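Chemist: The following comprises the amino acid sequence and a computationally predicted model.
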Amino acid sequence: MVIRKGKLRIEVVRSNRKTLGLKIDQDGNITAQAPYRMPTQEISDFVDQKMGWIEKHLALIEEKKRERELHPPELLSDEDIDRLIQEALDYIPGRVNYYAAKMHVTYRSITIRNQKTRWGSCSAKGGLNFNCLLMLAPKEVIDYVVVHELCHRLEMNHSPRFWSEVGRVMPDYAVRRAWLKENGGEIMRRMTG
């Protein structure tokens, strides 16, 4: 379902959630996340109340877009990618071992990949995958991704229990996660092809 407010298009996604929320992605797509039974009028009224917040965020997205057009990211060469993969192979397994021991979890393997959309993943069998581009992020952010994936060894979802576990191991994870949300897109845009 879609709600229109002037030129704005807001997609409504319903789920088992109890509260209403708004999300704007880096392309400016707006999503209202609503409980299944919430009346459409209530969602529309909520969007009206949040219009200032929406317009502010859309303006920031436009500003970043103009900045990227004026200063496109320096693309990484194949040699750069190979170097980042080697750096990740030298660095990330040590961080995984450190946090796995601290958290009392096991894993099956570590793979370093060159990915355009994900920072890391954890398979049901315990295979951990990490993006070599993490090596362009601060060490604290790399640690956050390591902890995030290891927490999937305890909870294979993003439930409140999962986030509680992340917070137990890394109380300031929200700051590190925010850095990745804020800057990760720019790093990903350095990929060629």
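Modeler: Thanks, I have it. Numbering: from 1, shown residues only.
Chemist: Compute the distance from the centre of stretch 111-120 to the centre of its chain.
Modeler: Relative to its chain's centre, stretch 111-120 lies at 12 Å (CA atoms, centre = their mean, to the nearest Å).
Chemist: Quick check: Lys50 vs Tyr144, distance?
Modeler: 29 Å (CB to CB, to the nearest Å). Every C-beta, even on glycine, is put in place using the N, C-alpha and C of the backbone.
Chemist: which one of these two has more residues nearby?
Modeler: When neighbours are counted by other CB atoms under 10 Å, Lys50 and Tyr144 differ, and Tyr144 comes out ahead with 27 against 17.
Chemist: pLDDT wise, what is that one at?
Modeler: We have a pLDDT of 98 for Tyr144.
Chemist: Give me the nearest residue to it, chain neighbours excluded.
Modeler: Arg176 (3.7 Å; CB to CB, 6 or more residues apart in numbering).
Chemist: The nearest residue to Ile30 once chain neighbours are set aside: neighbouring residues, count only.
Modeler: Spatially, and ignoring its direct neighbours in sequence, Ile30 is nearest to Ile10 (4.6 Å; CB to CB, 6+ apart). By other CB under 10 Å, 20 other residues sit near Ile10.
Chemist: same question, Lys65
Modeler: Residues lying near Lys65 (other CB under 10 Å) number 13.
Chemist: Over to Glu79?
Modeler: 8.
Chemist: repeat for the one 4 residues further on
Modeler: Applying other CB under 10 Å, we find 14 other residues in the vicinity of Arg83.
Chemist: does it count as helix, strand or coil?
Modeler: helix (DSSP: H, G, I helix; E, B strand; the rest coil).
Chemist: What strand or helix carries the nearest residue to Tyr173 once chain neighbours are set aside?
Modeler: Distance criterion CB to CB, 6+ apart; nearest residue to Tyr173, sequence neighbours excluded, is Val166 at 5.1 Å. Using DSSP states H and E, the element containing Val166 is helix 160-169.
Chemist: Quick one: residues contacting the nearest residue to Arg108 once chain neighbours are set aside.
Modeler: Nearest residue to Arg108, sequence neighbours excluded (CB to CB, 6+ apart): Gly126, at 3.7 Å. For Gly126, the contact set (CB atoms under 8 Å, 6 or more residues apart in numbering) comprises 106-109, 153.
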